[in-house]
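Colleague: sequence-free structure coming up:
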């Protein structure tokens, strides 16, 4: 905001006589050769707009100008208030960070966190952490998604406002040509709906399978897609890299387990081996946190790649199906 030093008094007078405009706002410092004094003009604060401050030395004038500039910046910072939506996004983000921190304090805690995140890893790294708050509940969708899939209106009597749900990040309505932005919404599990409304337990569980192509596919199809994704992303088996990098091997073990669990290909609990625990024995919590973040990020990438494979496969199958035509009427 402080304009370049070296203005003459003539140039400063021209600025003073200009109409106030955004282009002319700033703090100006000029040197009067006749008196050898320095003058500061503040056009950031309305009350001082046409007032000149005179100083005998350059250091005094410059220090005053910087103080005025800092005061203006502090005032703007105080006046700028976060919107309720921004406050909520920040709070939910902090919650995810806290869940990550708490879940990686020890090796045992991280082992448990892998188990909790595994069934929901396909919701993305941050949302999967947030959804662990409702563990062991499964089958999460937003209210809009539940109602979209409920063609038979089996959930007509469900009052979602009476459910607790979990706050997560959801995409906002996308404007043409604009990037995707995220706000805060709630997801509700099939388990929570069934607990509150036992009569819709079966329809709710059936609707969950419509949530994604992965859930709609058969087990052989899901297995093939995940294996293809592992191959495409060059994700090794832990044993293959153990001799070169034990920590990388442990990360790969976690990622593979979460990817298979997220695809519904295993429901076994996750456990570190004695060798893996020994390799991590001297790691600090922040190092365990880094390991987990890398693992869950890789698992999410495996899941997305597998879903694309399933989409390509399903599309190809539809194209190969013979087109049925009605017999011509005679």
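Modeller: Right, received. Where do you want to start? Keep in mind that this is a model prediction, so the values were computed, not measured. Numbering: from 1, shown residues only.
Colleague: Please report the distance of the most centrally placed residue in the chain from residue 269.
Modeller: The residue lying closest to the centre of the chain (Cα atoms, centre = their mean) is residue 126, at 5.7 Å. Applying Cβ to Cβ, to the nearest Å, the value for residue 126 to residue 269 is 24 Å. Backbone N, C-alpha and C define where each C-beta goes, glycine included.
Colleague: Repeat that for residue 42.
Modeller: Using Cβ to Cβ, residue 42 is found at 67 Å from residue 269.
Colleague: And residue 258, by the same measure?
Modeller: In terms of Cβ to Cβ, residue 258 sits 13 Å off from residue 269.
Colleague: try residue 236
Modeller: The gap separating residue 236 from residue 269 is 23 Å, by Cβ to Cβ.
Colleague: And for residue 311?
Modeller: On the measure of Cβ to Cβ, residue 311 and residue 269 end up 31 Å apart.
Colleague: May I have the phi/psi pair for residue 170?
Modeller: phi -130, psi 150 (degrees, to the nearest 10).
Colleague: phi, psi of the residue nearest to residue 118 when sequence neighbours are not counted?
Modeller: Once flanking residues are discounted, residue 118 sits nearest to residue 261: 3.5 Å by Cβ to Cβ, 6 or more residues apart in numbering. Main-chain dihedrals, residue 261, degrees, to the nearest 10: phi -70, psi -40.
Colleague: What of the one 4 residues further on?
Modeller: When read as degrees, to the nearest 10, the backbone of residue 265 gives phi -100, psi -10.
Colleague: can you check residue 30 too?
Modeller: Torsion angles, degrees, to the nearest 10, at residue 30: phi -130, psi 160.
Colleague: Same check on residue 244?
Modeller: phi -90, psi -40.
Colleague: what do you get for residue 95?
Modeller: Main-chain dihedrals, residue 95, degrees, to the nearest 10: phi -60, psi -40.
Colleague: can you pull the contacts of it?
Modeller: Residue 95 is in contact with 130, 167, counting by Cβ atoms under 8 Å, 6 or more residues apart in numbering.
Colleague: let's number from 24 now, not from 1
Modeller: With the count now opening at 24, the last piece we talked about shows up as residue 118.
Colleague: Pass me the low-pLDDT residue ranges in the chain, would you?
Modeller: The chain contains residues with pLDDT under 70 at 24-48, 67-74, 101-103, 345-353.
Colleague: what's the nearest residue to residue 161 if we skip its chain neighbours?
Modeller: Leaving aside its chain neighbours, residue 161 sits nearest to residue 142 (5.4 Å; criterion: Cβ to Cβ, 6+ apart).
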